[in-house]
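1. 3D, please:
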Amino acid sequence: MLRLTERRKELTQRFYLLAASQVTANVGFVLYTMAVTSYIKENTGSTVLASMITMTSLLARLLSGLSVPLLADTYKSIHIMRSVQVMQIGMLVGLYVLLTQEFTVTVLTMGFIIVGIISFFNGFFSIFKTSVVRSLVNDSQRMQANSLLSTIDQTFLFAGWSLGGFVLSLTGSTQSLFITAGLLSISFVCLLFIKETHTYKQTQKRRAAKLMEGWRFLWIHKRIRALVIMDIIESLFGTIWIGAITLSFVKEVLEKGEAWWGYINGAYYFGSIVGGIIVYRMSSMVKGRLLLFMFAGSLGYAV
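-> Below you'll find the predicted structure:
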């Protein structure tokens, strides 16, 4: 009984270390996104180019999701998460060096390339985190654990967007990248104390076949394909809206600094948290009427 209690305590500690790693990584990613978007807007004056940061990020994360089957059955998820954190820190250092140079078209192009690489690695982190949760928590507690992680994540995203604008206004775009690197370093240290169980190795042929399974599934199931397309469109334009467009609104209409940009985006995530709580409370009413509520939500979002 004592050994069982110690085992549960160890698993609980590892779970909260994973939560801490996720929080610091995501807050760092928020600050980095705000810093680069602000840098592009400040140096080009173009809302379109600034919005390309979030679009590049989203597309890169999509590509990383499609690449997951090539790694999932060969390496332990925790090892992949540690590796991508190190790579992201290295890329952030390179991005800092780049952004301290005189602004040119070459600097702009290289900046987008590095943003794409960072987002590609960040996509791996988000996906493999689910696998690590599966190894730390038993089946009966998995839904509760994922719900807790999601709640923690949304809460700190709200704080990150709210405070990120304030930090950005104090430190500037390039110096904010150092804070992001520091947050990712904390995330990496947390991952060092997490041990995962086993992994499975498959042949290259099996891995390649598995890479195509998702595409075949989407091709066969039209409803799932429609939902995925809807999700991609909403994510694409949603991230552009809370990124470059609200920054331009703050700068050109409100004539305020980055702090107000953070407040507005923080309000957006606060609304998301409230909406999630309402849906959770109304789950019995929502069940069986998902399409109706999705349509109403999309229409309300558009208005």
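
2. I'd like to know the average pLDDT value across stretch 257-266.
-> What stretch 257-266 shows for mean pLDDT is 82.

3. How far off centre is that stretch?
-> Remark: stretch 257-266 is offset 19 Å from the chain centroid, using C-alpha atoms, centre = their mean, to the nearest Å.

4. Name the surrounding residues that touch it.
-> With contacts defined as C-beta atoms under 8 Å, 6 or more residues apart in numbering, stretch 257-266 is touched by 34, 38, 158-159, 161-166, 168-169, 242, 246-247, 249-250, 254. From N, CA and C alone the C-beta is placed, and that goes for glycine too.

5. What's the ChimeraX syntax to select whichever of these are buried?
-> A single ChimeraX command selects the buried members of those (16 or more other C-beta atoms under 10 Å):
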select :34,38,158,159,161,162,163,164,165,166,168,169,242,246,247,249,250
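
6. and the contacts of stretch 257-266, which of them are in strands?
-> Among these, no residue falls in strands (DSSP state E).

7. Show me where the stretch 51-200 of the chain has its helices.
-> 69-72, 77-99, 105-136, 139-171, 173-192 (DSSP state H, counting those that start in this stretch).

8. Who are the contact partners of the residue nearest to residue 84 when sequence neighbours are not counted?
-> The shortest distance from residue 84 to any non-neighbouring residue, by C-beta to C-beta, 6 or more residues apart in numbering, is to residue 121 (4.0 Å). Contact analysis of residue 121 by C-beta under 8 Å, 6+ apart lists 64, 84, 87, 88, 91.

9. Neighbour-wise, give me the winner out of those residues.
-> residue 88 (27 neighbours; other C-beta atoms under 10 Å).

10. That one contacts residue 120, doesn't it?
-> No - Residue 88 sits out of contact with residue 120 when judged by C-beta atoms under 8 Å, with a separation of 9.5 Å.

11. rewinding a little: let's see the pLDDT reported for the residue nearest to residue 84.
-> 89.

12. Surely residue 68 touches residue 124?
-> Yes - applying C-beta under 8 Å, one finds residue 68 in contact with residue 124, separated by 7.2 Å.

13. who's more crowded, those two?
-> Neighbour count, other C-beta under 10 Å: between residue 68 and residue 124, residue 124 has more, with 24 against 19.

14. thought that one was touching residue 75?
-> No - counting by C-beta under 8 Å, residue 124 stays clear of residue 75, with 10.6 Å between them.

15. low-confidence ranges in the stretch 101-250 of the chain?
-> 139-144, 146-147, 196-219, 221, 224-225, 228, 235-236, 238-240 (pLDDT under 70).

16. give me that answer again for 80
-> By pLDDT under 80, the low-scoring segments of the stretch 101-250 of the chain are 126-127, 129-131, 133-162, 195-244.

17. if we can go back for a sec, could you point out which of the helices of the stretch 51-200 of the chain sits nearest residue 29?
-> If you check each of the helices of the stretch 51-200 of the chain against residue 29 by C-beta to C-beta, helix 105-136 wins as the nearest, at 5.8 Å.

18. got the angle for that closest one vs helix 139-171?
-> 150 degrees (axes from the mean of the first three to the mean of the last three C-alpha atoms, to 10 degrees).

19. Buried residues in helix 105-136, which are they?
-> Buried-residue list, helix 105-136, by 16+ other C-beta under 10 Å: 108, 110-112, 114-129, 131-136.

20. The helices of the stretch 51-200 of the chain: which one's closest to residue 14?
-> Of all the helices of the stretch 51-200 of the chain, helix 105-136 comes closest under C-beta to C-beta, at 5.3 Å.

21. Could you find the closest non-adjacent residue to residue 122?
-> Using C-beta to C-beta, 6+ apart, the closest residue to residue 122 is residue 29 (5.8 Å).

22. got it, and residue 118?
-> residue 91 (4.8 Å).

23. now residue 249
-> residue 264 (7.8 Å).

24. List phi and psi for the closest residue to residue 148 other than its chain neighbours.
-> The shortest distance from residue 148 to any residue other than its chain neighbours is 7.5 Å, reached at residue 19 (C-beta to C-beta, 6+ apart). Main-chain torsions, residue 19, degrees, to the nearest 10: phi -60, psi -40.

25. Residue 293 versus residue 277, what's the distance?
-> Using C-beta to C-beta, to the nearest Å, one gets 15 Å for the distance from residue 277 to residue 293.

26. Tell me which of these two has more neighbours.
-> Using other C-beta under 10 Å, the more surrounded residue of residue 277 and residue 293 is residue 293, with 14 against 11.

27. I'd like to know which elements the host helix or strand of that one is packed against.
-> In this structure, residue 293 sits in helix 290-302 according to DSSP states H and E. Packed against helix 290-302 by the contact rule (3 or more C-beta pairs under 8 Å, 6 or more residues apart in numbering; DSSP states H and E) you find helix 222-240.
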